[in-house]
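Chemist: turn this into a structure:
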Amino acid sequence: METDTAPITASGTQTLMRGLQLIECVAEGIGDVRGIAQRLGTPRSTTHRMLGSLVQAGWLHHIPYRGYLLGPKLLWLGQQASEQRPLAALAHPHLALLAQQTGDTVHLGTVEADEVLYLDKVSGTKGLEMRSRIGQRMPLASTGVGKALMLGMDEDRWKPLHKQAQQARAPGKPALRPWRQWLAEMRRYREQGVVMDLEENEYGIRCVGAPVRDISGEVVAAISVASALPYMPDERMARMAPVVRTRAQALSRELGWSGA
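Modeler: Down below sits the predicted model:
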């Protein structure tokens, strides 16, 4: 069977790049021929012809009197890209790097039925073994990963989750901070983009956590660095905060987030 193995010419590459740039213009909200032509620096006749081809192929929609919008093929591609980029697989190198940088245990978690579900765990180098495990579920309001996930929620969801964590406290577990104190801390954490777990889930264990966002800006996961109290005094936690936040932001950018 014969196949076409002709190389892509320079003009073909230029046309391809122009088409992709055109789609990006529409994604940014520029939906008219004149505006797109001005952005790309192409003649209106050429721009109109390219738009027609992209509409015919399903990459764009054209709505009279409104202009051009992204088409069904791009929705399908977005879904495929999401399915082919599993969160845990993308996150693991970031967790491993953070564990190497800090020497502490690093967790990745997401929200599952009003609890934090641990998706991954990378042990540190200090010889400490955390009780946490992949697949474990914990209350959101009393864990570093959980509180980082809650930064993406509306504040009116916080109090029921705080109450739920209180009711779930097993004998021998630390008492959760009173609601007003906990709320004030969470509001401060939201401003800082990083949370602290000050032995709220387990005596002698402290965590620093930060949220992970996707292309929509929504919090889809969180990471935390955890260690024993002697290795996590207040001063080190303060130094650790920007390190954890930076790593969470790096993962977020890999998921398509474009914030600062």
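
Chemist: report how many residues lie close to the closest residue in space to Ala210 that isn't next to it in sequence.
Modeler: Nearest non-adjacent residue to Ala210, counting by CB to CB, 6 or more residues apart in numbering: Ala248, 3.7 Å away. All C-beta spots, glycine's among them, are computed from the backbone N, C-alpha and C. Neighbours of Ala248 under the rule other CB atoms under 10 Å: 28.

Chemist: contact partners for Ala248?
Modeler: Residues counted as contacts of Ala248 (CB atoms under 8 Å, 6 or more residues apart in numbering) are Ala148, Ala210, Pro211, Val212, Ala222, Ile223.

Chemist: out of the residues you listed, who's the most crowded?
Modeler: With neighbours defined as other CB under 10 Å, the most crowded of the contacts of Ala248 is Ala148; it has 32 neighbours.

Chemist: next helix or strand past the strand or helix carrying that one?
Modeler: Secondary structure from DSSP states H and E places Ala148 in helix 144-150. As assigned by DSSP H and E, the chain's next helix or strand after helix 144-150 is helix 158-167.

Chemist: helices and strands around that next one, which ones?
Modeler: For helix 158-167, the packing partners by 3 or more CB pairs under 8 Å, 6 or more residues apart in numbering; DSSP states H and E come out as strand 137-139, helix 179-192.

Chemist: tell me the mean pLDDT over the longest one?
Modeler: So the one you mean is helix 179-192. Average pLDDT, helix 179-192: 95.

Chemist: ok, residues contacting that helix?
Modeler: Here helix 179-192 has contacts from 141, 147, 150-151, 158-159, 162, 176-177, 195-196, 241, 245, using CB under 8 Å, 6+ apart.

Chemist: relative to Leu140, how far out is Glu191?
Modeler: Glu191 sits 19 Å away from Leu140 when distances are taken as CB to CB, to the nearest Å.

Chemist: the more surrounded of those two?
Modeler: Legend: neighbour count by other CB under 10 Å for Glu191 and Leu140, higher for Leu140 (26 against 9).
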